[in-house]
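Novice: Okay, structure incoming, though there's no sequence with it:
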């Protein structure tokens, strides 16, 4: 059985440790809508700082604390930092999962360091060669899962097939999407479109047991016709940064307009728009394909995003998405 | 001297020929803000249809008409269609430029057919091996030119250098940007980031005489720090489709909110937002690198977008951007 405990990196993120601890308080409230059993939580970071922070927040929940003497900064080079700081919260947290003390690890910190520590420390699932980062947006009111967002910049066609399979399992297990429609992000509908990689991936996906609906263009992600979108890490990362940059830009524009018109209900409109475009409302990005549940939250995460990431980890453990991925992969390659 | 006449494909686009002719009427109005001398215009398409359409619009401007018996549909395969329909408005229009009857060609029709007809029919500028599609957004209130948007899906590093050089010349000539800051679209700041292509292009750009500011992430396109962004046609096309899909989606969301609150000034807010996110407000996409000015408008263009594309063509001819590109290229590779 999968270990249902969750390690949370208290030191990672632009506003750590404060918002991370605020997030812990949110999930520990038994009357709150975001409740997660505190006994499942292991916080990793500077122990004294965590103890003080929790006491300052009147949080008496019996969460477990794991001391980590060092911190890897957001802008440190992942490889260098992991070698220089084996006692940092990210490697220590991943170590907890590796040692079987927990099933999941969450960090709002350095993405590259989490990917590196998790890939090396936990290893990949049986049959998976390269992990991929998946995000799930709910912009159109229903979940759309997209991967890879940058873990694997120059993938092989087989990696994209694996991403499709993992994304499909995630959509079905975690979001309850039946027989998820899988699309390949490309620059036109026809199988002959795009790069050699995309043509080869199209062929693999066409011959798979997945519900492959063919190539999709980026605009279709904001439509109704696809549940899982697969791409290489370069294109995925450009897509994600465009999404973040443009939605933030447009929210600013709308805010200015509402302010100019002194619309009393402006805050309400903005909250609703933000809710639609902000994927952190639904948790973080999942590093799929490693032996464990690994969630990378946005560095700018607020307490609510942290709480949602914790709930997302709990859900992924409860449904045991990794076991289903391994099963689906065995079906695919008998 | 460059021929300053402009051929306009009246048959291309989702709402052709009506909106195209409406666009002609807009520019032919000597009192309008979008005025272009009608004597510069050559309309290509079904002559009877054009004559009727202009007369129905009480347009007495002395525009020249060039008959084309066929039309290439938006969804036709470009290569096949160009071979099967040599008498279609796109090849006939390009033929006018080739024959020296005009300096520019504009179509809201099949992008692939325009790229194919222009590349084969006009040839490339001296030193340029592959044309690229450039768009200029004014989202942040100032022009940002991005290329390639899909003409060259798997470019070589030297093509990206040429795109940078052409984009930089365009920004400086047409938009008056001094010493344009050129960025390479990538997934991180460091020179080592991204694919082999991006690393090689980074090196070429670093050693060029351009004002190269290094790698930029997609989100920075909505910021203040770059004037020209260079990328491969695959990534560029995904970026463009994301931009179009997301901005259209967000405008729908804002519209719904404004409607729900019965905000009387809603139309004003929306017009302003649209103005910001809609690049067709500033013309179409430019196919840079061919022997002539070629503009590809959006299939969904309205009359104003058509008029703006005509003005854009006039401007590109007036400043003779292609001559400057050839000069800049000669400077680059002595």
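Specialist: On my side now, so go ahead. For clarity, every value in this text was computed on a predicted model and none was experimentally measured.

Novice: Let's see the pLDDT reported for the residue lying closest to residue A:316 once chain neighbours are set aside.
Specialist: Spatial nearest neighbour of residue A:316, excluding adjacent residues (CB to CB, 6 or more residues apart in numbering or on different chains): residue A:293 at 4.5 Å. In this view, the C-beta of every residue, glycine as well, is placed from N, C-alpha and C. Residue A:293 carries a pLDDT value of 98.

Novice: Please apply the same query to residue A:61.
Specialist: So residue A:61 comes in at 78 (pLDDT).

Novice: Could you report the separation of it from residue A:30?
Specialist: Going from residue A:61 to residue A:30 by CB to CB, to the nearest Å gives 9 Å.

Novice: ditto for residue A:182
Specialist: Following CB to CB, the distance that separates residue A:182 from residue A:30 is 39 Å.

Novice: higher neighbour count, the two?
Specialist: The neighbour count for residue A:182 versus residue A:30, taken as other CB atoms under 10 Å in any protein chain shown, is higher for residue A:182 (26 against 10).

Novice: helix or strand for the residue of the stretch 51-200 of chain A found nearest chain B, which one?
Specialist: As assessed by CB to the nearest CB, chain B sits closest to residue A:187 within the stretch 51-200 of chain A, at 4.2 Å. Counting by DSSP states H and E, no helix or strand carries residue A:187.

Novice: How about residue A:16?
Specialist: Secondary structure (DSSP H and E) places residue A:16 outside all helices and strands.

Novice: That one: what's it in contact with?
Specialist: Residues near residue A:16 by CB atoms under 8 Å, 6 or more residues apart in numbering or on different chains: A:9-10, A:108-109.

Novice: mind showing which ranges of the stretch 151-300 of chain A have poor pLDDT?
Specialist: With pLDDT under 70 as the threshold, the stretch 151-300 of chain A has low-confidence stretches at A:262-266, A:276-282.

Novice: those helices in it, which residues are they?
Specialist: Listed in chain order, the helices found in the stretch 151-300 of chain A under DSSP state H, counting those that start in this stretch are A:157-174, A:196-206, A:233-260, A:266-277.

Novice: pLDDT below threshold where in the stretch 1-150 of chain A?
Specialist: A:1.

Novice: give me that answer again for 80
Specialist: Scanning the stretch 1-150 of chain A for pLDDT under 80 picks out the ranges A:1, A:60-61.

Novice: Check whether stretch A:118-137 comes near chain B.
Specialist: No. Counting by CB under 8 Å from any CB of the partner chain, chain B has no neighbours in stretch A:118-137; the shortest distance is 10.4 Å.

Novice: So which bits of that stretch are buried?
Specialist: Across stretch A:118-137, burial judged by 16 or more other CB atoms under 10 Å in any protein chain shown covers A:118-119, A:121-122, A:124-125, A:128, A:130-137.

Novice: Just give me the residue closest to the centre of chain A.
Specialist: When CA atoms, centre = their mean is applied to chain A, the residue found nearest the centroid is residue A:285 (1.2 Å).

Novice: how far away is that residue from residue A:52?
Specialist: As it turns out, when the distance is counted by CB to CB, residue A:285 lies 30 Å from residue A:52.

Novice: Buried residues, stretch A:146-166. List them.
Specialist: Using 16+ other CB under 10 Å as the test for burial, stretch A:146-166 gives A:146-153, A:155-157, A:159-166.

Novice: Which of the helices of the stretch 151-300 of chain A sits closest to residue A:42?
Specialist: Ranking these by their distance to residue A:42 (criterion: CB to CB) puts helix A:157-174 first, at 21.7 Å.
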